[in-house]
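J.: Provided below are the primary sequence and the corresponding predicted coordinates.
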Amino acid sequence: MSGSRRVAREFALRGLYSWLLAQQDRTDIAASLHEDSQFKKADEAYFQQLLEGVLDTAPNLEEKLRPHLDRAVAELSPIEKAILMIGAYELMDCPDVPYRVAINEAVELAKQYGGTDGHKYVNGVLDKLAKEVRSPEIEALARQKAK
């Protein structure tokens, strides 16, 4: 299951990249990605949830990310921005995804598709956001470790 979710994240990243670069319609993006022979390996429902969720909440995601960035949102590369938005969406709107998994998956996407050291930036930004939006989960984990 996690493998199919990872593939879903990769396809969501590709879709968001198209959207950011060309403002392509979400229906066209999804249809185009469905044609890829590798798409059958993706968790299709999760792909749809990520793509639709990020697109529907993009302004809110940017607003939540902004205080944790060292530059304006508009100055992020499209890949970094898309990865950060997927990670932020998972942290904020997918409570079934543990915060560490959301961050790690974003870091892995950044390692695979981003620039040199982009994964470190993604990790730092999402770690700060997680402390803001997932503090009860982080605190519970810390208490568990202390026992």
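T.: Sure, I can see it. The shown structure was predicted, so the numbers you read here are calculated from the model rather than taken from an experiment.
J.: Please report the distance of residue 114 from residue 143.
T.: Look at residue 114 and residue 143: by C-beta to C-beta, to the nearest Å, they are 34 Å apart. Heads up, the C-betas are built off the backbone N, CA and C, glycines and all.
J.: Neighbour count: those two, which is higher?
T.: Between residue 114 and residue 143, counted using other C-beta atoms under 10 Å, the more crowded position is residue 114 (21 against 9).
J.: pretty sure that one is in contact with residue 80, am I right?
T.: Yes. Counting by C-beta atoms under 8 Å, residue 114 does reach residue 80; the two are 5.9 Å apart.
J.: which residues are in contact with both of the two?
T.: The contact sets of residue 114 and residue 80 overlap at residue 122 (C-beta atoms under 8 Å, 6 or more residues apart in numbering).
J.: Output the host helix or strand of residue 83 as PDB, restricted to C-alpha atoms.
T.: Assigned by DSSP states H and E, residue 83 belongs to helix 78-93. Backbone C-alpha positions of helix 78-93 (Å, rounded to 0.1, in the frame of the first residue of the first chain) are rendered in PDB as follows:
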ATOM      1  CA  PRO A  78       8.000  24.900  -9.100                       C
ATOM      2  CA  ILE A  79       9.300  21.500  -8.000                       C
ATOM      3  CA  GLU A  80      10.000  22.700  -4.400                       C
ATOM      4  CA  LYS A  81       6.700  24.500  -4.200                       C
ATOM      5  CA  ALA A  82       4.700  21.500  -5.400                       C
ATOM      6  CA  ILE A  83       6.600  19.200  -3.000                       C
ATOM      7  CA  LEU A  84       6.100  21.600  -0.100                       C
ATOM      8  CA  MET A  85       2.400  21.900  -0.900                       C
ATOM      9  CA  ILE A  86       1.900  18.100  -1.000                       C
ATOM     10  CA  GLY A  87       3.700  17.800   2.300                       C
ATOM     11  CA  ALA A  88       1.800  20.700   3.900                       C
ATOM     12  CA  TYR A  89      -1.500  19.200   2.600                       C
ATOM     13  CA  GLU A  90      -0.700  15.800   4.200                       C
ATOM     14  CA  LEU A  91       0.300  17.400   7.500                       C
ATOM     15  CA  MET A  92      -2.800  19.600   7.600                       C
ATOM     16  CA  ASP A  93      -5.500  17.400   6.000                       C
END
